[in-house]
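In: sequence plus predicted model, see below.
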Amino acid sequence: MAPVHFHSEHPNFQFDRQDEISDWIRLTCREEKVKIEQLDFIFCTDNDLLEINIKHLNHSYLTDVITFPYSEGEIIAGDIFISIDRVKDNAKDLNAEWFDEFCRVMVHGVLHLCGYADKNAEQQAEMRSKEDYYLSLRSF
């Protein structure tokens with residue numbers, strides 16, 4: 001089975017749906033015709049992700065997800081850092097269920113590893129469409 005790992009560095013977040021999420025992420029990757037070599041999700045705070053954003057991307061603003069790819073093409077490997085604080089705030093702002101927004105951000109990071117970008121309106125629309133599709137495939 002493809003290695004999908006979850007690490008919580010957030011002091012108030014425990015992740016207990018690892019098997020369901022792992023299966024869904026693997027399904028997403030099969031649909032995208034990529035294989036997972038290694039995939040690590042790291043759940044952290046706004047401050048942690050801001051520090052990463054400044055240090056590695058030279059961006060001085062909050063974000064919900066940062067993806068670091070370690071491979072290209074049909075085999076994906078990478079780290080996906082997710083700010084639990086930002087996901088909670090975004091869910092509230094969007095009037096969305098927290099877990100749905102959490103899953104959206106997770107699959108968003110995976111889609112970046114699959115080669116999708118979101119730098120312009122057309123790319124953002126494609127990314128949102130893909131997110132919606134994979135969210136609809138969840139069985140949990």
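Out: Now that the structure is in, tell me what you want to look at.
In: distance check, the closest residue to Tyr61 other than its chain neighbours against Ala117.
Out: Taking CB to CB, 6 or more residues apart in numbering as the measure, Tyr61 lies nearest to Asn53, with 6.8 Å between them; neighbours along the chain are not counted. Bear in mind the C-beta positions are built from the backbone N, C-alpha and C, glycine included. According to CB to CB, to the nearest Å, Asn53 stands 17 Å off from Ala117.
In: higher neighbour count, the two?
Out: Neighbours around Asn53 and Ala117, counted as other CB atoms under 10 Å, are more numerous at Asn53. The numbers are 18 against 12.
In: next, the more buried one: secondary structure please.
Out: Three-state assignment for Asn53 (DSSP: H, G, I helix; E, B strand; the rest coil): helix.
In: and it, what is it in contact with?
Out: For Asn53, the contacting residues are 59-63, 66, taking CB atoms under 8 Å, 6 or more residues apart in numbering as the criterion.
In: now those as a markdown table including pLDDT and secondary structure?
Out: Formatted as a markdown table, the entries for the contacts of Asn53 read as follows, by pLDDT from 0 to 100; DSSP: H, G, I helix; E, B strand; the rest coil:
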| residue | pLDDT | secondary structure |
| --- | --- | --- |
| His59 | 91 | coil |
| Ser60 | 92 | coil |
| Tyr61 | 93 | coil |
| Leu62 | 94 | coil |
| Thr63 | 96 | coil |
| Ile66 | 97 | strand |
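In: alright, I will stop here.
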